[in-house]
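Novice: Task: produce atomic coordinates for the following.
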Amino acid sequence: QVQLVESGGGLVQAGGSLSLSCTASGTFSNIDDMGWFRQAPGEQRDLVALTTSSGRTTYSDSVKGRSTLSRDNSDSTVILQLNNVVPADTAVYYCKAIASDWQGRHEFWGPGIQVTVSS
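Specialist: All right, here's what the predicted structure looks like:
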């Protein structure tokens, strides 16, 4: 199992910045992909940014150019920095980790953290 602890978020004013941190712990020694997804009310959960263990990062079009996902493999932490936020960034943000073992790839999710952008 992998446990994901999320922090950051809260209420942010439009035009400001936010930082979300996620740290993984558990029995898996190799975590492949880590990143963030978000889900607005009534919407599906969508990718924000995801990085592989080799450092390849994918960003959604909605945050590309104003976000940075950094990863520290030594403590299995990813940090999402989102700048120039807009009300459309309001959502519950979920950390996701994918770990693999001899049985295959396994997905793990954090409990979610609310981000609200005020106009």
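Novice: pLDDT below threshold where in this protein?
Specialist: By pLDDT under 70, the weakly predicted segments of the chain are 75.
Novice: Would you point out which residue is most central in it?
Specialist: W36 (1.9 Å; Cα atoms, centre = their mean).
Novice: Strands of the protein, start to end?
Specialist: Taking DSSP state E as the test, the strands found in the chain are 2-8, 10-13, 18-26, 31-39, 46-51, 57-59, 67-72, 77-82, 91-101, 104-109, 113-118.
Novice: Which neighbouring elements make contact with the second one?
Specialist: Translated: strand 10-13. strand 113-118 (3 or more Cβ pairs under 8 Å, 6 or more residues apart in numbering; DSSP states H and E). (C-beta placed from N, C-alpha, C; glycine too.)
Novice: residues in contact with the strand it packs on?
Specialist: Here strand 113-118 makes contact (Cβ atoms under 8 Å, 6 or more residues apart in numbering) with 6-14, 18, 20, 38, 85-94.
Novice: What remains of these if I keep only buried residues?
Specialist: The neighbour-count test (16 or more other Cβ atoms under 10 Å) marks 6, 8-9, 12, 18, 20, 38, 85, 89-94 as buried among those.
Novice: quick one: contacts of stretch 99-108?
Specialist: Stretch 99-108 is contacted from outside by 1-4, 24, 26, 28, 30-32, 96-98, using Cβ under 8 Å, 6+ apart.
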